Every structure is written in C-alpha cells, then in structure tokens.
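Trainee: can't give you the sequence, but here's the structure:
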C-alpha cells in the first residue's frame, strides 16, 4: 500500500496530556466559580436595594395623593381597611393573607409593573381559590367582587406589606413590625410600618444585603439573626431565611 504523502500523520494526545489539561481546567474552574457566584450575589443585592429605594418613592407619592387620607393602609394584622359585609366580617388572618401593598400601589398608578426581585423565592402568585382582593382608592379600602370572604394567600410570595408597629418584639421576630434603625431604638408605638418581605433568601444573600443596606457598625454576624438596621431576619434555617426590609413609616 502506498503512503499518502499529501496528508502527514497526526499525533494524538496521550492520556497523561489529557489528564494534565483537565487538571488545569479544574483548577481554573475552582478559582473562577466563587468569583462568579460573588458577582451574581452582588448584582442581586444591588437590585434589591434599588427596588427598596423605588418603593419608598412610590409610597411617599401615594401618601401625598389627592383624594387619599395621607396614610398607608395596613395589609397585615388588625385594622386592614375593607369594604363589604362578607369581606369585612372575615378574620384578620384571612384578610392579611389576601391583602398586600403591591395591589394598592399598582391600583394607584405608583408602580408600573408588579414587584420582581432576583433574591429568594421566585414565587409571585398567590395560592388558594376565589377572587383576589383589589384596592378601591375611592373607598380607601380593599374590596372583592362579588363580596366574599378572602380565600387567596400571598404569604409564600415576595411582596410589600404594611402593619402596625410592635416594639415589644425583636426585629428578627417581628415580621416587619419593628426595626432598630440605629441599632438600638425600637420603632415607636402607633405607627404604620411599610416593608418589603423576601421569602426564602439564601443566608449569604441576606447577610450581604444587610452589609450593603445597614451602616458598617450595624453589620450582622454571619449565620445569626439580624436585629439592627434597615434589614431584619431570623437566624437562617437550612440555609435560608425570610428577609424584611424597612421602607418607610407614618
């Protein structure tokens, strides 16, 4: 058989050479992967901080709206404003599960799009059956059409809420009802606090968010509850925790 002189033989890689290349790639991946994760976490933290600033502006605009009552409607606990016999007669828990401040700001035109953040659970819909509660700016109350007891539940979604302050509780346990903005002082009684709640945030995300939004002297301890500053959360369980971010109060 004649050898083809136009095509010189090609020498392949040896097993040792392939193993050497793969080892180099593994080292590079080990070096670069954490940096990529840190960059993604920083982007999430920045986006949440910007969202909180935007929500504060929206709430201030809502409070000053003509035809309003100069306040923020409660969406959790007691005192949730409702209109309709069936809706008004529902339990505070049922009304609190169904109401959220997102609805108010969207109805009033103070938010152009539904809330969306890239941290924590990516669930943005309610569970349950029946119609959703809507906000009536004219009545300054939540309504349902037709009038009925609320059966929807938003507690598993990232959302905006408002409730009466409860300075007796530590911020990490207050679920938005208390913050120690200066690290020491509880919120006063008889104020309405508006806050952003992020469900199921990874512990590292929660910690980095607290570092970014709180003053340096209010930095939390990694893996522990955060009771100081604009950000509050309970000690993470299984690597996640619900985060509560102070927006404003009135």
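Mentor: On my side now, so go ahead. Bear in mind that the values here come from a model prediction, so they are computed numbers and not experimental data.
Trainee: what are the ranges of the helices in the chain?
Mentor: 15-63, 85-88, 92-98, 101-107, 171-174, 203-213 (DSSP state H).
Trainee: Would you mark the buried spots in the fourth one?
Mentor: Pointing back at helix 101-107 there. Residues of helix 101-107 classed as buried by neighbour count (16 or more other Cβ atoms under 10 Å): 101-106. (Glycine included, C-beta is placed from N, CA and C.)
Trainee: coming back round to it: in JSON lines: the helices of the chain, plus mean pLDDT and distance to residue 192.
Mentor: Formatted as JSON lines, the helices of the chain follow (pLDDT from 0 to 100; distance: least, Cβ to Cβ, whole Å):
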{"stretch": "helix 15-63", "mean pLDDT": "81", "distance to residue 192": "10"}
{"stretch": "helix 85-88", "mean pLDDT": "98", "distance to residue 192": "19"}
{"stretch": "helix 92-98", "mean pLDDT": "98", "distance to residue 192": "14"}
{"stretch": "helix 101-107", "mean pLDDT": "96", "distance to residue 192": "10"}
{"stretch": "helix 171-174", "mean pLDDT": "98", "distance to residue 192": "14"}
{"stretch": "helix 203-213", "mean pLDDT": "96", "distance to residue 192": "21"}
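Trainee: got a list of what the residue nearest the centre of the chain touches?
Mentor: Nearest residue to the geometric centre of the chain (Cα atoms, centre = their mean): residue 198, 2.4 Å. Applying Cβ atoms under 8 Å, 6 or more residues apart in numbering to residue 198 gives the contacts 48, 117, 119-121, 158, 242-243, 245.
Trainee: Let me see the confidence value for it.
Mentor: pLDDT, residue 198: 98.
Trainee: same deal with residue 1?
Mentor: Model confidence at residue 1 (pLDDT) stands at 49.
Trainee: ok, back up a step: CSV please, covering the helices of the chain and showing distance to residue 134.
Mentor: Formatted as CSV, the helices of the chain follow (distance: least, Cβ to Cβ, whole Å):
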stretch, distance to residue 134
helix 15-63, 16
helix 85-88, 11
helix 92-98, 10
helix 101-107, 6
helix 171-174, 28
helix 203-213, 31
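Trainee: To residue 189, which of the ones you listed lies closest?
Mentor: Within the helices of the chain, the stretch nearest residue 189 is helix 171-174; the backing value is 12.8 Å (Cβ to Cβ).
Trainee: Report the buried residues of that closest one.
Mentor: In helix 171-174, counting by 16+ other Cβ under 10 Å, buried: 171-172, 174.
Trainee: Please apply the same query to stretch 238-249.
Mentor: 240-249.
Trainee: Same check on stretch 188-207?
Mentor: 192-203, 205-207.
Trainee: for that stretch, how far is the first residue from the last?
Mentor: 26 Å (Cα to Cα, to the nearest Å).
Trainee: How about stretch 115-128?
Mentor: Stretch 115-128 has an end-to-end distance of 20 Å (Cα to Cα).
Trainee: I would like the residues contacting it, please.
Mentor: Defining contact as Cβ under 8 Å, 6+ apart, one finds that stretch 115-128 is touched by 43-45, 47-48, 51, 55, 97-98, 102, 114, 132, 151-154, 156-160, 196, 198-202, 205, 209, 240, 242-243.
Trainee: about what we covered before: for the buried residues of helix 171-174, which one is nearest residue 72?
Mentor: Ranked by distance to residue 72 (Cβ to Cβ), those are led by residue 174 at 17.0 Å.
Trainee: Tell me who's in contact with the closest residue to that closest one other than its chain neighbours.
Mentor: Once flanking residues are discounted, residue 174 sits nearest to residue 166: 5.7 Å by Cβ to Cβ, 6 or more residues apart in numbering. Shown in contact with residue 166 (Cβ under 8 Å, 6+ apart): 174, 177-178.
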